[in-house]
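A.B. asks: Pasted the sequence and its predicted model underneath.
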Amino acid sequence: MAKLTKTSLFKAQAPKAETPLDKTTRIVGKMVEDEAEQRQAKNERLRNARLEREANTPTKPTR
């Protein structure tokens with residue numbers, strides 16, 4: 001049986017080079033995340049404006 005040492009047991013793996021497809025996937029993923037954050041912020045802003053407008057609008061009496 002081979003003698004196990006720190007260097008033979010835990011070999012450092014060389015980092016894998018990023019392919020052009022990996023780079024594109026990473027960039028597009030970041031773009032999608034950014035767009036989703038912007039969309040959520042816009043929806044929250046519009047929802048708050050609508051709720052405020054509805055709260056300040058007097059209700060019409062029903063017949």
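C.D. replies: Here it is on my side, so go on.
A.B. asks: From here on, just use CA atoms for contacts and neighbour counts.
C.D. replies: Will do.
A.B. asks: and the longest helix anywhere in the chain, average pLDDT?
C.D. replies: In the chain, taking DSSP state H as the definition, the longest helix is helix 20-56. The predicted model assigns helix 20-56 a mean pLDDT of 97.
A.B. asks: center of the chain - which residue?
C.D. replies: Glu33 (4.0 Å; Cα atoms, centre = their mean).
A.B. asks: From Ile27, how far out is that residue?
C.D. replies: Distance of Glu33 to Ile27, computed by Cα to Cα, to the nearest Å: 10 Å.
A.B. asks: Next: Pro15.
C.D. replies: Using Cα to Cα, we find Pro15 at a distance of 19 Å from Ile27.
A.B. asks: Looking at these two now, which is surrounded by more residues?
C.D. replies: Ile27 (12 against 6; other Cα atoms under 10 Å).
A.B. asks: State the distance from the more buried one to Asp34.
C.D. replies: Ile27 is 11 Å from Asp34, where distance means Cα to Cα.
A.B. asks: what's the answer for Leu46, then?
C.D. replies: 18 Å.
A.B. asks: go on, Pro58?
C.D. replies: Relative to Asp34, and taking Cα to Cα, Pro58 is found at 38 Å.
A.B. asks: quick one: secondary structure of Thr62?
C.D. replies: Assigned with DSSP: H, G, I helix; E, B strand; the rest coil, Thr62 falls in the coil class.
A.B. asks: how deep is it tucked in, by neighbour count?
C.D. replies: Neighbours of Thr62 (other Cα under 10 Å): 4.
A.B. asks: Just the pLDDT at it, thanks.
C.D. replies: Reported pLDDT for Thr62: 70.
A.B. asks: that older thread, how close does the residue nearest to the centre of the chain sit to Asn48?
C.D. replies: Per Cα to Cα, Glu33 is found 23 Å from Asn48.
A.B. asks: on that earlier part again, now the longest helix of the chain, how far from the centre of its chain.
C.D. replies: Centroid displacement of helix 20-56 relative to its chain, using Cα atoms, centre = their mean, to the nearest Å, is 10 Å.
A.B. asks: I am finished for the moment; much appreciated.
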